[in-house]
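*Asks:* this one's sequence-less:
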């Protein structure tokens, strides 16, 4: 599979264009971002630049850590197939410090490939919201919490997991593209060489 090198400038422009194209500030109006570590952290910060402030403050960014592809690569390096490996949490939210209820939450990641990590994140956050609602004596959904998803790239290929219909209504892909090996600038050892390759 050929490699496609993506530059910081290309990402910056794609994010700005997507915020305008999807009218994210008016039609979804997120007040909390949750970046999936590690690929969603830099895109979250770039995205925040183009999001309107809420209550005179920039939209806060929280981080969650999930692992899948690293475990698959490790299994393959050891001679296995990596089949059957499931997404695992490595870092999660501290609910003593943050409440999700009533928020408009935008989950951010770099790429929607097989959709396994996104589906896991959405499912777990929906479970957390239901648990918090129950703890406060609310019925499921009574808090009017909304979740959306923002990805830099969505690979147009069959997905191994699906997202709930209500989430797909607020699904924003900056770029839709064929299945291709993407090389992001935050993975580059030589950023100058990477930038040159991204312009070819």
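*Replies:* Cool, got the structure. Remember, it's a predicted structure, so these values are computed and weren't measured experimentally.

*Asks:* what mean pLDDT does stretch 120-130 have?
*Replies:* Across stretch 120-130, the average pLDDT comes to 97.

*Asks:* contacts for it?
*Replies:* If you take CB atoms under 8 Å, 6 or more residues apart in numbering as the criterion, stretch 120-130 is touched by 34, 36, 64, 66, 87, 89, 92-93, 95, 100-101, 105, 107, 109, 140, 143, 145, 147, 149, 161, 163-164, 167. All C-beta spots, glycine's among them, are computed from the backbone N, C-alpha and C.

*Asks:* Can you tell me the element residue 43 falls in?
*Replies:* helix 41-50 (DSSP states H and E).

*Asks:* Likewise for residue 63?
*Replies:* Here residue 63 is assigned to strand 61-67, by DSSP H and E.

*Asks:* Just the buried positions in that strand, please.
*Replies:* Buried residues in strand 61-67, defined by neighbour count with 16 or more other CB atoms under 10 Å: 61, 62, 63, 64, 66, 67.

*Asks:* Check the offset of the longest helix that the chain contains from the chain's centre.
*Replies:* The residue-count maximum for a helix in the chain (DSSP state H) belongs to helix 116-135. Computed by CA atoms, centre = their mean, to the nearest Å, the separation of helix 116-135 from the middle of its chain amounts to 14 Å.

*Asks:* try stretch 139-147
*Replies:* That offset, for stretch 139-147, works out to 21 Å (CA atoms, centre = their mean).

*Asks:* sorry, back to before: now do the longest helix of the chain and strand 61-67, the angle between them.
*Replies:* Going by axes from the mean of the first three to the mean of the last three CA atoms, to 10 degrees, helix 116-135 is angled at 120 degrees with respect to strand 61-67.

*Asks:* now the strands: where do they sit in the protein?
*Replies:* In the chain, the strands defined using DSSP state E lie at 3-5, 32-37, 61-67, 88-91, 104-112, 146-155, 171-177, 181-183.

*Asks:* if you average pLDDT over each of the ones you listed, which comes out lowest?
*Replies:* Lowest mean pLDDT of the strands of the chain: strand 88-91, a mean of 90.

*Asks:* what's it in contact with?
*Replies:* Strand 88-91 has contacts (CB under 8 Å, 6+ apart) with 37, 63, 64, 65, 66, 67, 68, 71, 124.

*Asks:* returning to what we had before: tell me the one among the buried residues of strand 61-67 nearest to residue 44.
*Replies:* residue 61 (4.9 Å; CB to CB).

*Asks:* returning to that earlier point: compare the strands of the chain and give me the one nearest residue 24.
*Replies:* Residue 24 lies closest to strand 171-177 among those, at 6.3 Å (CB to CB).
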